[in-house]
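> Quick one, structure for this:
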Amino acid sequence: MDHFSTDRLTAERLHENHLADLVALHLDPDVSRYIGGVRSAETTTNYLATNMAHWDEHGFGLWTLRSKDGAFAGRAGIRHILVDDVAEIEIAYAFKRDLWGQGLASEIASALTDIGLSQLALPSLIGIVYVANGASRRVLEKSHYLLERRTNRHGEDVAIYRKRR
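Numbers count the residues shown, from 1 in each chain. Prediction:
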């Protein structure tokens, strides 16, 4: 599924042409505060390559998001990840700061959950959220993810939410 859309967003499989938009997103300290910190252009280039390889290996991954008028809105996806040495599949999303508070994260979380559990028939999905990120915690809770546990990830306290098929 290289493309999909929601009421207000279109999603396109991540590719090289998205690098400039991702660099700008990852350089914003407010956006990056809860996704591991500001990333340099070089780090984002490596991130892009890693996530494009994920698509090649698994047939799903990250998409770039655009508003209906075609403007870059952010990124979101479904990807394999290790959490406390356990293989998991997470949903992830990040939006440009000027789009926060409009319900887009809830919209994309719902779409990703449907894709992961229904279309890809994955047994479960997780969301990893910094404990301090109340907005993203509410997004997962509204999408019927259940708080499973808390852990420390890269020196940060995070909450692990899960939704099962």
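> Ala109 in helix, strand or coil?
helix (DSSP: H, G, I helix; E, B strand; the rest coil).
> Now do Leu122: how many residues are near it, please.
16 (other CB atoms under 10 Å). For the C-beta atoms, the positions are set from N, CA and C on the backbone; glycine is no exception.
> For it, what are phi and psi?
Backbone torsions of Leu122, given as degrees, to the nearest 10, read phi -70, psi 150.
> Surely it is in contact with Arg165?
Yes: in this structure, Leu122 is within contact of Arg165 by CB atoms under 8 Å, at 6.9 Å.
> Quick check: phi and psi at Phe60.
Torsion angles, degrees, to the nearest 10, at Phe60: phi -150, psi 170.
> so what secondary structure elements neighbour the helix or strand hosting Met52?
Assigned by DSSP states H and E, Met52 belongs to helix 41-58. Using 3 or more CB pairs under 8 Å, 6 or more residues apart in numbering; DSSP states H and E, the elements in contact with helix 41-58 are helix 19-27, strand 62-67, strand 72-83.
> what's the residue closest to the geometric middle of this structure?
Ala92 (1.8 Å; CA atoms, centre = their mean).
> show me the contacts for it.
Ala92 sits next to Ile35, Leu62, Ala76, Gly77, Ile78, Arg79, Gly127, Ile128 when contact means CB atoms under 8 Å, 6 or more residues apart in numbering.
> Mind pulling up the pLDDT for Gly155?
Per-residue pLDDT puts Gly155 at 87.
> Oops, could you answer that again for Glu88 instead?
97.
> Which strand residues bridge it?
Ile81 (DSSP bridges).
> pLDDT-wise, which helix or strand of this protein ranks last?
Here the helix or strand of the chain ranked lowest by mean pLDDT, DSSP states H and E is helix 29-32, holding a mean of 90.
> give me the number of residues near Gly103?
Gly103 sits with 13 neighbouring residues when counted by other CB under 10 Å.
> centre of the chain versus the helix holding Met52, how much separation?
Distance of helix 41-58 from the chain centroid (CA atoms, centre = their mean, to the nearest Å) equals 14 Å.
> what's the angle between it and helix 19-27?
Relative orientation of helix 41-58 versus helix 19-27 (axes from the mean of the first three to the mean of the last three CA atoms, to 10 degrees): 110 degrees.
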